[in-house]
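Structure here, sequence nowhere to be found:
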């Protein structure tokens, strides 16, 4: 049930682009993206609720392919502040018994 | 800062002891979720409370229990601590339900020796 993220780790130079993928063997009803810096709490990036939905702010965007049961996070012209571990989460369960299951994370390091 | 505060920030306990971790949710949020995050791993969902009732639980044994109070703050209790319980415990508050933005506290680092 846990979503699978790829790659596990990425090293970029400032200004380069990256794509982080999140896929599931089960149907995805929503995808959540968070970033966690070392020693800090995860910080919300975005939620995608519908197949085909795309969202973005600043130079970080994401897409949700419901049929392929996957989502991708796009980081464009990366900045040093983008370094951290990116987690995708997916909702499972129904009604009042829904919960968020997280992937293992993708570690992103942006170097000068 | 998110407005979600957790206490204590660090804690060392002995195997077999009991521990209570606390979380105050952000104003306007009635849902609190608790997660366990081992080093180098993603957060693992423990349970969620909505309006003082548990409404979702992950694969954690019954010795992990919780409470939510009328002001929507929450406690996580762990009995009979085991060495593997050593982890960062995160709480996250949100408005109703799962598909809303969650705000995380800074976590409580629990070490069981």
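Thanks, I have the structure now. Quick caveat, the model's predicted, so the values are computed rather than measured. Residues are numbered from 1 along each chain as shown, chains lettered A, B, ... in the order given.

quick one: strands adjacent to the lowest-mean-pLDDT helix or strand in chain B?
Ranking every helix and strand in chain B by mean pLDDT, DSSP states H and E puts strand B:53-57 at the bottom, with a mean of 87. Strand pairing for strand B:53-57, using DSSP bridges, gives strand B:44-50 (antiparallel).

Does residue A:40 touch residue B:105 like I think?
No. The pair residue A:40 / residue B:105 is not scored as a contact, 10.7 Å apart, by Cβ atoms under 8 Å. The way it works is simple: take the backbone N, C-alpha and C, and place the C-beta from them, glycine included.

So which of the two has more stuff around it?
residue B:105 (26 against 12; other Cβ atoms under 10 Å in any protein chain shown).

Wait, the more buried one touches residue B:88, no?
No. Residue B:105 is beyond contact range of residue B:88, at 10.5 Å (criterion: Cβ under 8 Å).

Nearest residue to residue A:67 in space, ignoring adjacent ones along the chain?
residue A:51 (6.6 Å; Cβ to Cβ, 6 or more residues apart in numbering or on different chains).

how close does the one you found sit to residue B:27?
As judged by Cβ to Cβ, to the nearest Å, residue A:51 and residue B:27 stand 34 Å apart.

more crowded one of these two?
Neighbour count, other Cβ under 10 Å: between residue A:51 and residue B:27, residue A:51 has more, with 14 against 9.

what residues are up against the spatially closest residue to residue A:44 that is not a sequence neighbour?
In space, and not counting its chain neighbours, residue A:44 is closest to residue B:101: 4.6 Å by Cβ to Cβ, 6+ apart. With contacts defined as Cβ atoms under 8 Å, 6 or more residues apart in numbering or on different chains, the neighbours of residue B:101 are A:44, A:47, B:94.

Who does the last one form a beta bridge with?
The one in question is residue B:94. Here residue B:94, judged by DSSP bridges, has bridge partners residue B:31.

what's the burial count for it?
For residue B:94, using other Cβ under 10 Å, the count is 25.

same check, this time on residue A:46
20.

mind listing what's buried in the helix or strand harbouring it?
Element membership for residue A:46 (DSSP states H and E) is strand A:43-48. The neighbour-count check on strand A:43-48 (16 or more other Cβ atoms under 10 Å in any protein chain shown) flags A:44-48 as buried.

show me what contacts the residue nearest in space to the middle of chain B?
Nearest residue to the geometric centre of chain B (Cα atoms, centre = their mean): residue B:34, 3.2 Å. Neighbouring residues of residue B:34 by Cβ under 8 Å, 6+ apart: B:23, B:45-48, B:66, B:74, B:76, B:89-91.

what about it, distance to chain A?
11 Å (Cβ to the nearest Cβ, to the nearest Å).

if I've got this straight, that residue is in a helix?
No. Under DSSP: H, G, I helix; E, B strand; the rest coil, residue B:34 falls outside any helix and is assigned strand.

Relative to residue A:58, how far out is the residue lying closest to it once chain neighbours are set aside?
Closest residue to residue B:34 apart from its sequence neighbours, by Cβ to Cβ, 6+ apart: residue B:46 at 4.2 Å. Using Cβ to Cβ, one gets 32 Å for the distance from residue B:46 to residue A:58.

That concludes my questions; thank you for your assistance.
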